[in-house]
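Student: predicted model, plus sequence, below.
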Amino acid sequence: MVLQSADTIFVNGRVYVRYTRGSAYAEFAEDRKGTLEPGKLADLVIFHEDLFKMEPKKVLTTPVDLTMVGGRVVFERAAGTP
């Protein structure tokens, strides 16, 4: 997802649902992806802070702690790294 504006991410979490569950539904793949459930593909990012509790523009500079693609960890920030 390419952000045109950090402000567009926050609409009570609805944008997240559209990019996850909605995208899977649109390509008839909701049985394989779109939600975090056992047996489904897992592409996810864990941020260092809660995105819903910060100013929208801060999202663009918030460190990523972990990234998973297809259920496999592809990035993990070293402990103690800012």
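Tutor: Nice, thanks for sending it over. The structure displayed is predicted, hence computed values, not measured ones. Residues are numbered from 1 along each chain as shown.

Student: quick one: pLDDT of residue 76?
Tutor: Looking at residue 76, its pLDDT reads 95.

Student: pretty sure it is touching residue 65, no?
Tutor: Yes: using Cβ atoms under 8 Å, residue 76 is in contact with residue 65, at 7.3 Å. Heads up, the C-betas are built off the backbone N, CA and C, glycines and all.

Student: neighbour count: these two, which is higher?
Tutor: Shown here are residue 76 and residue 65; by other Cβ atoms under 10 Å, residue 65 has more neighbours (16 against 12).

Student: list the contacts of the more buried one.
Tutor: The contact partners of residue 65, taken as Cβ atoms under 8 Å, 6 or more residues apart in numbering, are 46, 47, 48, 76, 77.

Student: keep only those of those that are in strands.
Tutor: Counted as lying in strands by DSSP state E, out of the contacts of residue 65, are 46, 47, 76.

Student: would you turn those into JSON lines with distance to residue 38?
Tutor: JSON lines is the format used below for the ones in strands among the contacts of residue 65 (distance: Cβ to Cβ, whole Å):
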{"residue": "46", "distance to residue 38": "18"}
{"residue": "47", "distance to residue 38": "23"}
{"residue": "76", "distance to residue 38": "22"}
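
Student: pick the one among those residues closest to residue 32.
Tutor: Nearest to residue 32 among the ones in strands among the contacts of residue 65 is residue 46, at 21.5 Å by Cβ to Cβ.

Student: for that closest one, which non-adjacent residue is spatially closest?
Tutor: Residue nearest to residue 46 in three dimensions, not counting chain neighbours: residue 66, with 4.3 Å by Cβ to Cβ, 6 or more residues apart in numbering.

Student: from the chain's centre, how far out does the helix or strand hosting the one you found sit?
Tutor: Using DSSP states H and E, residue 66 sits in strand 64-69. Relative to the chain's own centre, strand 64-69 is displaced by 9 Å; criterion: Cα atoms, centre = their mean, to the nearest Å.

Student: ok, back up a step: OK, contacts around the residue nearest to residue 46?
Tutor: So residue 66 contacts 45, 46, 73, 75, 76, 77 (Cβ under 8 Å, 6+ apart).
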